[in-house]
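K.L.:
The following comprises the amino acid sequence and a computationally predicted model.
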Amino acid sequence: ASNREIYAWALGGVALHVLICLYGQAMNILIVGLGMKAWIVSLAMMLPRIVDAFAHPFMGHLSDNTRTRWGRRKPFLILGCFLASLFLFLLWCGNKEWSKTLQLVHLASMGILFYVSWGLYSMAYTALGYELTDDYHERSKIASIAGLVTAAVLLVIGGVFWFTLRPLFHTGVVQTIGDLFSQGLNFSHMGEVLRKAFASVEGAPNDQINGIRWVTGFAIAICFLVVFNMVKTCRERFVK
């Protein structure tokens, strides 16, 4: 495999880890942000993992035995990333005013659909990495580069909950951008707006749900970029 293919595939891991790690923020966001009961969120996050345990082998079999003009893996990479992104965003569209039953159904159904979709991407992505080369030493190189990407993603994701608590999302992103340029390129004014938008003052107003929606939307855009680049760059070598 060429270096270009190796790095394109490794960057595809951004989508793999960003999507599942953002889903993992549900405990913080939904319990603290929406005020949902801990047992509802816990149960809703457990059920998808049970379904996933049975669905993964089927997805692997499906990916191995699918034949299309675009290859075995690439259709599942695109479809899996798109659907997982969609259901992840819909996960944050719940309402604490709903009944407990409706909350549980919404979270569990979005979680199951997310995990199935993410599983499609995960299986195809992992298999494509193995298929980049049959050389033992080169596979070690590929794994090490992918490991660096994973470490970088996990480092950034660790600050997501803190970021969703910024006053920026309580004030409104569009409103903040408008305030930022309300006096032209007045850097003193712009600095004050940014300071207030990202203030860490205890008791500062926040809106975690709005924050996670913006963060998820931005993350999805990045995921689409790396996935389309990977699909365009990487070749499937073993097709018979």
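P.N.:
In hand now; what should we look at?

K.L.:
what's the neighbour count on Gln25?
P.N.:
20 (other Cβ atoms under 10 Å). C-beta: built from backbone N, CA, C; applies to glycine.

K.L.:
can I assume it is in contact with Val160?
P.N.:
Yes - with contacts defined as Cβ atoms under 8 Å, Gln25 counts as touching Val160 at a distance of 5.8 Å.

K.L.:
what's the overlap in contacts for the two?
P.N.:
Ile212 (Cβ atoms under 8 Å, 6 or more residues apart in numbering).

K.L.:
Identify the residues contacting Trp9.
P.N.:
Tyr125, Leu128, Gly129, Leu132, Ile142, Ala146, Met230, Thr233, Cys234.

K.L.:
and the gap between the residue nearest to the last one when sequence neighbours are not counted and Val149?
P.N.:
If I follow you right, that is Cys234. Among residues not flanking Cys234 along the chain, Glu5 sits closest, at 4.9 Å (Cβ to Cβ, 6 or more residues apart in numbering). Counting by Cβ to Cβ, to the nearest Å, the gap from Glu5 to Val149 is 14 Å.

K.L.:
Please identify the buried residues of the helix or strand containing Ala127?
P.N.:
Using DSSP states H and E, Ala127 maps to helix 100-130. Neighbour counts over helix 100-130 (16 or more other Cβ atoms under 10 Å) mark 103-104, 106-129 as buried.

K.L.:
what about the residue nearest to Cys234, how many residues close to it?
P.N.:
Neighbours of Glu5 (other Cβ under 10 Å): 18.

K.L.:
pLDDT score assigned to the closest residue to Leu90 other than its chain neighbours?
P.N.:
With sequence-adjacent residues excluded and distances taken as Cβ to Cβ, 6+ apart, Leu90 is closest to Met110, at 5.3 Å. Looking at Met110, its pLDDT reads 93.

K.L.:
Repeat that for His61.
P.N.:
So His61 comes in at 69 (pLDDT).

K.L.:
where does Asp134 land in three-state SS?
P.N.:
coil (DSSP: H, G, I helix; E, B strand; the rest coil).

K.L.:
Confidence-wise, which helix or strand of this structure is lowest on average?
P.N.:
helix 38-65 (a mean of 80; mean pLDDT, DSSP states H and E).

K.L.:
what helices or strands is it leaning on?
P.N.:
helix 26-28, helix 74-91, helix 100-130 (3 or more Cβ pairs under 8 Å, 6 or more residues apart in numbering; DSSP states H and E).

K.L.:
Give me the contacts around the first one.
P.N.:
The one in question is helix 26-28. Contacts of helix 26-28 (Cβ under 8 Å, 6+ apart): Val41, Ser42, Ala44, Met45, Leu91, Leu107, Gly111, Phe161, Gln208.

K.L.:
hang on, the earlier thing: the least confident helix or strand of the chain: which residues count as buried?
P.N.:
For helix 38-65, burial by neighbour count (16+ other Cβ under 10 Å) applies to 40-41, 44-45, 47-48, 51-52, 55-56, 59-60, 63.

K.L.:
any idea which of those is closest to Leu154?
P.N.:
Checking the buried residues of helix 38-65 against Leu154 with Cβ to Cβ, the nearest one is Met45 at 18.9 Å.

K.L.:
how much space between that closest one and Leu11?
P.N.:
28 Å.

K.L.:
And for Ala127?
P.N.:
Taking Cβ to Cβ, one finds Ala127 at 17 Å from Leu11.
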